[in-house]
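Asks: Have a look at this prediction, sequence included:
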Amino acid sequence: MSRKINFQKSIPALAGIVVIISSVLVFHFYASTTNSIFKTLDFEITNLMFRIRGELPPSKQIAIIDLDEKSLKEIGQWPWSRNILAGLIEKIDSKEAKVIGLDIFFPEKDRTSPATILEKFEIKDLNKNNLPDYDQILGAQIAQSNLVMGYMFDFKKTNRNNGFPFSSASIKIDLENVKFSELNINQAKNLILNIPELSTSVTEGFINVFPESSGAVKKVPLFIMYNNLPYPSLALELYRLSKDSDSFVIKPSNQKSGSKHAILGLYSGNDFIKTDIDAQMFINFKGKPFSYNYFSASDILNDKPNINLKNKIVLIGTSAAGLLDLKATPFSGTCPGVEIHANIIDNLLNKDFMNFDKFTETAVSYMILVPLGIFTTILLLFSGPISAAIITIINICGIFLLNYFFLFKNNLIAGFSFPVSSLGTLSMAVIISNYFFREKEKKFIQTAFSHYVSPEIVNQLIKHPDKLSLSGETKTISIMFGDIRSFTTISEKLAPHELGQLLNLYFSKISEIIQSNKGVVDKFIGDAVMAFWGAPLENENHGMDSVVSAMKILKGVEILNKEWEKKNFPFIKLGIGINSGEARIGNFGSNDRFDYTAIGDNVNLASRVEGLTKFYSANILITENTNNLVKDEILTRKTDWVKVKGKTKPVEIYEPISILPFDPETEDKVKTFNLALKNYHNGNFTKAEEIIKKLKHKDSFFIYELYLERIEKLKNTPLNTWDGVFEFQTK
């Protein structure tokens, strides 16, 4: 049974280990991959941390010219005639902007140009050569400006062939003998360029932004590969021109992952920009929409005063809902797309972009799964449901706070949703299995001990099962054996049902007394009872409790005898022996039949002492071990120094007389008799006889008669053969 209990206790631990191992395997093969559902959850948690952090001051170097609802109302619906856009760019130039970026692209000709209108309506009377071409007007203005045109890459269609985009940047690789085609950069299938008339800018940059599966933007590519050549984004080109740089150097990993080199980052001049393995940058969003300086396009066109664009990076885009350029960010579901580019440029200028550290994420995840998982399992094994729930909450909140304060606040992004989920699963597995097997343990304890010990002790064992060892443990206890004297004669006088009734009443009475005094009723053997104190729970007063129980049992039997007198039941007398010392406590027996009991030499001695009570006509006898535990509170009379059957070492035995406070006269008689026994043991038989005769003159106790007879026989015994020990040859 002990093996069974230990196995049951190991089940919650085993459940925790299984969850840990399974989680490590799932994390390695699935959860750490980019398409994992946990990455989506990580993204949502990152968004939450952005909102908790709140807004940061945006860069003052960036301004946005907004084709807003006001501008559309004043100037007309989109698309505007391109001569208007040319005028807008000219006015921005006049305000000495450092560089301009168009978050707009023009894949088709302006249908509002006069020449185009004449051609559409087949009007041949007018000379088209004398009419303005708005595309040429805008192209000419773009050519005069320090401006970056936007365009789009296409990742789905393959039937376009619009040529190649233009980037004035020199792009190199910071690793010898590596080709552009070997870089792990997203490959576009085609692209949508501006019409040739407008491809007159100093450089071009793609304006693609790729939302996550949730619809929100988290990271953006700084390069996209097309026909095995890398092309920079609009934001990256604006940043480069603002720094007066003319080149980029892409830094790949030395080792290939498959057929490609992962990207570590890139240099623009002396500035290093860290990216993920696909050359994508994680955006550190500064706040809610319209965090940057917005100026209405109509205000620029109408020469509204006090608009300062000097030396600023100016983005032209739209916040108008009808133009469908609204994106989701951690702070809002409707952020103007142009502000995404503003955040990217801001991050590049201030070098405060977010970094995704795969190594940190993986290392911390394994630390959460294994060391913390094992530690949590150990804690949960010794916790109740409420404390287990608290531990789980502390774990989850602690990981979130550590992630926020030590990683996110230092611009590091790491996702721990999977290890946290695994930790939650582990907690549930251990809590449920722990609860299930604790209930079985409680039921076992109740079944095993409810008949042996008091309900209070059973409840304590249920609350603290760790204090119970069923496999066996050595403890210092006090053991009591009690026996009905002349039980054979009594049984002959009673009918079987009457004998059964008598024994049931007797055993019920003494069991109640034993249990109420923190004892364990070990077993009933015919008319005998075995009990012990000091196990399964620790009890420093086991000696006192055992002797007090024995004295109460005698009083309880007196009450029973008075009741039985009315039923013509015979009186019963008891013999009780008690010894204290080390014994082995636990479940002993076969696999199918066992008892929670005490075994050992001190148990046997208690049984032998009980057998001596009849010889000394004493109701209770205790050994010197027990007497040493109770002598300050119980008055005991030394009875003898004996060798019991089967023992070579003599033991002193005592008879408990009364509990504090002592009657002075009784105490004096006990001390006098103890003095007589001291003389007796020392071989001074004459002095011993003299003292005992004086005591016998006052009271007639069997013990006095016993010693007077023994002294009479011993008077002629040579002192050199006398050791004061009386040896019993029978049990």
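Replies: Perfect, thanks for sending it.

Asks: Residue 333: how many residues sit nearby?
Replies: Residues lying near residue 333 (other C-beta atoms under 10 Å) number 11. Every C-beta, even on glycine, is put in place using the N, C-alpha and C of the backbone.

Asks: list the buried ones in the helix or strand it falls within?
Replies: In the assignment (DSSP states H and E), residue 333 maps to strand 332-336. Buried residues in strand 332-336, counted by 16 or more other C-beta atoms under 10 Å: 332, 335-336.

Asks: before we move on, what about stretch 481-501?
Replies: Applying 16+ other C-beta under 10 Å to stretch 481-501 flags 481-484, 490-491, 494, 499 as buried.

Asks: do stretch 396-412 as well
Replies: For stretch 396-412, the neighbour count (16+ other C-beta under 10 Å) marks 396, 399-400, 403-404, 407-408, 412 as buried.

Asks: backbone phi and psi for residue 14, please?
Replies: phi -60, psi -40 (degrees, to the nearest 10).

Asks: residues touching it, list them.
Replies: Neighbour list for residue 14: empty [criterion: C-beta atoms under 8 Å, 6 or more residues apart in numbering].

Asks: Residue 333 versus that one, what's the distance?
Replies: In this view, residue 14 and residue 333 are 46 Å apart by C-beta to C-beta, to the nearest Å.

Asks: So which of the buried residues of stretch 481-501 are in helices?
Replies: Of the positions in those, 490-491, 499 sit in helices, assigned by DSSP state H.

Asks: I'd like those as TSV, with pLDDT appended.
Replies: As requested, these are exported to TSV (pLDDT from 0 to 100):
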residue	pLDDT
490	88
491	87
499	89
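
Asks: Name the nearest of those residues relative to residue 224.
Replies: Closest approach to residue 224 among these (C-beta to C-beta): residue 499, at 100.7 Å.

Asks: Report whether the expected contact of the closest one with residue 492 is present.
Replies: No. The criterion here is C-beta atoms under 8 Å, and residue 499 misses it with residue 492 at 9.5 Å.

Asks: need the helices for the stretch 401-550 of the chain, in chain order.
Replies: 417-449, 455-463, 487-493, 496-516, 542-566 (DSSP state H, counting those that start in this stretch).

Asks: And those helices, which one averages the lowest pLDDT?
Replies: Of all the helices of the stretch 401-550 of the chain, helix 455-463 carries the lowest average pLDDT, namely a mean of 63.

Asks: any idea how far residue 266 is from residue 184?
Replies: In terms of C-beta to C-beta, residue 184 sits 13 Å off from residue 266.

Asks: Next: residue 411.
Replies: Counting by C-beta to C-beta, the gap from residue 411 to residue 266 is 17 Å.

Asks: Count the neighbours of residue 662 for me.
Replies: Neighbour tally, residue 662, other C-beta under 10 Å: 15.

Asks: wait, what's in contact with residue 83?
Replies: 132, 134, 137-138.

Asks: Can you pull out the low-pLDDT segments for the stretch 301-450 of the chain?
Replies: 438-450 (pLDDT under 70).

Asks: residue ranges for the strands of it, please.
Replies: 313-317, 326-329, 332-336, 355-356, 412-413 (DSSP state E, counting those that start in this stretch).

Asks: what residues does the second one touch?
Replies: Under the criterion C-beta under 8 Å, 6+ apart, residues 209, 211, 214-217, 285, 289, 319, 334-337, 340, 343 lie in contact with strand 326-329.

Asks: what do you get for the last one?
Replies: Contacts made with strand 412-413 from outside it, assessed by C-beta under 8 Å, 6+ apart, are listed as 46, 282, 354-357, 360, 407.

Asks: mind listing the helices in the stretch 151-300 of the chain by residue range?
Replies: Under DSSP H, counting those that start in this stretch, the stretch 151-300 of the chain gives helices at 234-242, 297-301.

Asks: among those, which is nearest residue 426?
Replies: Of all the helices of the stretch 151-300 of the chain, helix 234-242 comes closest under C-beta to C-beta, at 43.1 Å.

Asks: one step back: and of the strands of the stretch 301-450 of the chain, who's closest to residue 175?
Replies: Per C-beta to C-beta, nearest to residue 175 of the strands of the stretch 301-450 of the chain: strand 355-356, 20.8 Å.

Asks: related to what we said a few turns ago, could you dump the helices of the stretch 151-300 of the chain to JSON lines with mean neighbour count and distance to residue 149?
Replies: Formatted as JSON lines, those follow (neighbours: other C-beta atoms under 10 Å; distance: least, C-beta to C-beta, whole Å):
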{"stretch": "helix 234-242", "mean neighbour count": "27", "distance to residue 149": "8"}
{"stretch": "helix 297-301", "mean neighbour count": "21", "distance to residue 149": "17"}
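
Asks: Include distance to residue 585 when you put those into JSON lines, please.
Replies: Below are these laid out as JSON lines (distance: least, C-beta to C-beta, whole Å):
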{"stretch": "helix 234-242", "distance to residue 585": "77"}
{"stretch": "helix 297-301", "distance to residue 585": "90"}
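
Asks: what about the longest strand in the chain?
Replies: Ordering each strand of the chain by length in residues (DSSP state E) puts strand 574-589 first.

Asks: Now do the buried residues in it.
Replies: Those would be 574-581, 583, 585-587, for strand 574-589 by 16+ other C-beta under 10 Å.

Asks: For residue 723, state which of those residues is nearest.
Replies: residue 579 (21.8 Å).

Asks: Quick check: that closest one vs residue 656, distance?
Replies: Residue 579 is 13 Å from residue 656, by C-beta to C-beta.

Asks: Overlap in contacts, those two.
Replies: What both residue 579 and residue 656 touch, as defined by C-beta under 8 Å, 6+ apart, is the set residue 622.

Asks: Most neighbours among the contacts of strand 412-413, please name it.
Replies: Going by other C-beta under 10 Å, residue 46 tops these with 22 neighbours.

Asks: Could you check how far that residue is from residue 53?
Replies: 10 Å.

Asks: Overlap in contacts, those two.
Replies: Joint contacts of residue 46 and residue 53 (C-beta under 8 Å, 6+ apart) are residue 408.

Asks: domain ranges for this protein?
Replies: 2-31+357-445, 52-353, 463-630 (automatic domain parsing).

Asks: So what's the residue count around residue 388?
Replies: By other C-beta under 10 Å, the residues close to residue 388 number 22.
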